[in-house]
Each structure stands twice: as structure tokens, then as C-alpha cells.
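J.: Structure for this input, please:
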Amino acid sequence: MKNLRDKVVVITGAASGIGRALALDLAGKGALLALSDVDDAGLAGTVELARAAGAREVRGDRLDVADRAAFEAYAEAVVAHFGRVNVVVNNAGVALAGDLLDLEYDDIDWIIGINFWGVVHGTKAFLPHLIASGEGHVVNISSLFGLISMPGQSMYNATKYAVRGMTEALREEMLVAGHPVGVTAVHPGGIKTAIARNARVSAREDKSKTAELFDKKLARMTPERAAEIIVRGITRNQARVLVGIDAHALHHLAKITGSRYQDIIARGAKKVLPQDTTVV
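T.: Okay, the predicted model is just below:
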């Protein structure tokens, strides 16, 4: 897929952050957009901005990606509206900070429902339509934390590793079957989004300190730049897209040191992280 003009692109989690930036980037490239989120106001803002950016057609829908029946109905509605789907970007995601010992099951179910099941639902619901389009692409947003693990991020790591594993296997399946569908796993590092401010935390975690650490020290790249890198990955049919210097650096550290990277990160976390704070 060298050109995204006139391609129908579905983006979940489009109300802000990377999702919004992708919508605006693709609007300028002539794509037709199906955007969704649970944030009605933010989504309406993205739809308006996409139209102003030159999108020929934009559809906005409220969607809880963890709701399987709702996602299946949404997929059918989008296909009925546009007649086809070419690209699906499963971008919706949330964060949960805190040691596993301190996490509540309700919060664990919440993050797995959105970060993992949301990606499964989006992929499963749209895959037959992507195959039928003759020129399809699945983009699943994992994370740097889908390549390496961090203390205080056990459930976020679990969901993002799961997204990576599913996505890589799906790419292999498409190649074996000869289906005309590219598949890309995206691994962003620290991006300037509201994910830390909107995260859930354990009872022992200081949410304000965690968000401040992420916003001031870890989030280095703008969503707009991240979107440019992701779109380039689509047009190049890249299997894996690393977004940010931090993603590249820590991924290479893990490759060089093997499982010993865990000891290095644990020692560093003790020295760097403020009390009652973990990395989001």
C-alpha cells in the first residue's frame, strides 16, 4: 500500500493523542476516515479537525472496544457506509500503574479488556473485509513495553506483549495464506499524550507523581511525529515500527544484554523513580 489516497482507514482511540494525530495526517493524504472513541467530546473535535485538514469523508462513532458485540456491529456499519475497509489501526489503549501485589482485579480486567481484547476485536471484526478489499493493512499499537518489561507495569506489559505476539503471528498467517493484507506492530516509547493522566493506579500509587514523571521526563515525542512514523511504516509494509529514540535504545539494550536487562532496569528504577511512583 504505497498510497493512502481514497483508502478507508479505521482508527480506534481517535479522540486524542496518537489516534487524533493519525487521523489528521491521513486526512491530509486523502484517506476516508472511520474514527471511534468513548470520549464523545474529544472525538467530535477530531472529526472537525480532520474535515478542516481536508478529509473527503469522516465518520465518528462512540465505541467501547472492549465490547465485542458493539465492535462487531460497528464493523458492519462501517463497511455498509463506505463499501469497504483498507486499513484498521487498533490504537485505543489505557494504562495501569502499580505493583502486581497491589492491583485490584477490576482494574486488571479493565486494562485487558481495552488493551488486548480491544485489539483482538478490531482485528477479528475487520479482517475478512480487509482481505476482501484486495489491499488491506492491520496496524496494532503495542508499546516499547511490549518489547521490554518495567516494574510497576506488569499488566500493561502483559497486554502489550500479547498484542505484539498476536500481531506477529497474524502477519505470518497472512503470508502463509497469501492474503493481500499487510500487518504492522507499532512500539511507541514516550509520546506526549494524556495516557498517564488518564491511567488507573493501585491504592499505594501516587497518581499525580506518576503522571508528572511521564509528562515531564519520559514523554519526548509529539503525537504528530509519531503519526508520521507510523504512516510511513504502513506504506513500507514494515512488520515492526519503533517510535522514538527511547524505544530504539531500550530495545537494543535488551537485545545486547538478554534477560540481564531486567536486573539493570530494576537497579535503575530504585535510583531514579520518586517514592510512590512507577513508569507509565
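
J.: Please, where are all the helices along this protein?
T.: Secondary structure of the chain by DSSP state H: the helices cover 17-28, 40-52, 68-82, 105-111, 118-133, 154-177, 207-213, 223-235, 245-257, 261-272.

J.: closest to Asp6 out of those helices?
T.: For the helices of the chain, the distance to Asp6 is smallest for helix 68-82, at 10.4 Å, taking C-beta to C-beta. Placement of C-beta: from N, CA and C, glycine included.

J.: In that closest one, which residues are buried?
T.: Within helix 68-82, the residues scored as buried using 16 or more other C-beta atoms under 10 Å are 68, 70-71, 74-75, 78-79, 82.

J.: Equivalent analysis for stretch 45-65, please.
T.: So for stretch 45-65, counting by 16+ other C-beta under 10 Å, buried means 45-47, 50, 53, 55, 58-61, 63-65.

J.: sorry, back to before: mean pLDDT lowest for which of the helices of the chain?
T.: For the helices of the chain, mean pLDDT drops lowest on helix 207-213, to a mean of 77.

J.: quick one: the lengthiest strand in the chain to helix 118-133, angle?
T.: Secondary structure of the chain per DSSP state E: the longest strand is strand 181-188. With axes from the mean of the first three to the mean of the last three C-alpha atoms, to 10 degrees defining the directions, strand 181-188 sits at 150 degrees from helix 118-133.

J.: Now do the same contact list for Ala34.
T.: With contact taken as C-beta atoms under 8 Å, 6 or more residues apart in numbering, Ala34 is in contact with 8-11, 59, 61, 78, 81-82, 85.

J.: for the longest strand of the chain, packing partners?
T.: helix 118-133, strand 136-141, helix 154-177, helix 223-235, strand 240-243, helix 245-257 (3 or more C-beta pairs under 8 Å, 6 or more residues apart in numbering; DSSP states H and E).

J.: in its sheet, what does the second one sit against?
T.: What it means is strand 136-141. Strand 136-141 has its sheet partners listed here by DSSP bridges as strand 87-90 (parallel), strand 181-188 (parallel).

J.: So which residues make contact with that strand?
T.: Contacts for strand 136-141 (C-beta under 8 Å, 6+ apart): 1, 18, 85-91, 93, 119, 123, 126-127, 129-130, 163, 166-167, 170, 179-186, 188, 230, 233-234, 237.

J.: give me that answer again for 6 Å
T.: 1, 86-91, 119, 123, 130, 163, 167, 181-186, 234 (C-beta atoms under 6 Å, 6 or more residues apart in numbering).

J.: Identify the residue spatially nearest to Glu253, adjacent ones excluded.
T.: Quick fix: residue 253 reads Leu, not Glu. Leaving aside its chain neighbours, Leu253 sits nearest to Tyr261 (5.7 Å; criterion: C-beta to C-beta, 6 or more residues apart in numbering).

J.: I figured that neighbour was touching Ala254, is that so?
T.: Yes: using C-beta atoms under 6 Å, Tyr261 is in contact with Ala254, at 4.4 Å.

J.: what sits against the residue nearest to Gly118 when sequence neighbours are not counted?
T.: Leaving out its chain neighbours, the residue that sits closest to Gly118 by C-beta to C-beta, 6+ apart is Val65, at 3.1 Å. Contacts here follow C-beta under 6 Å, 6+ apart; on that basis Val65 touches 12, 92, 114, 118.
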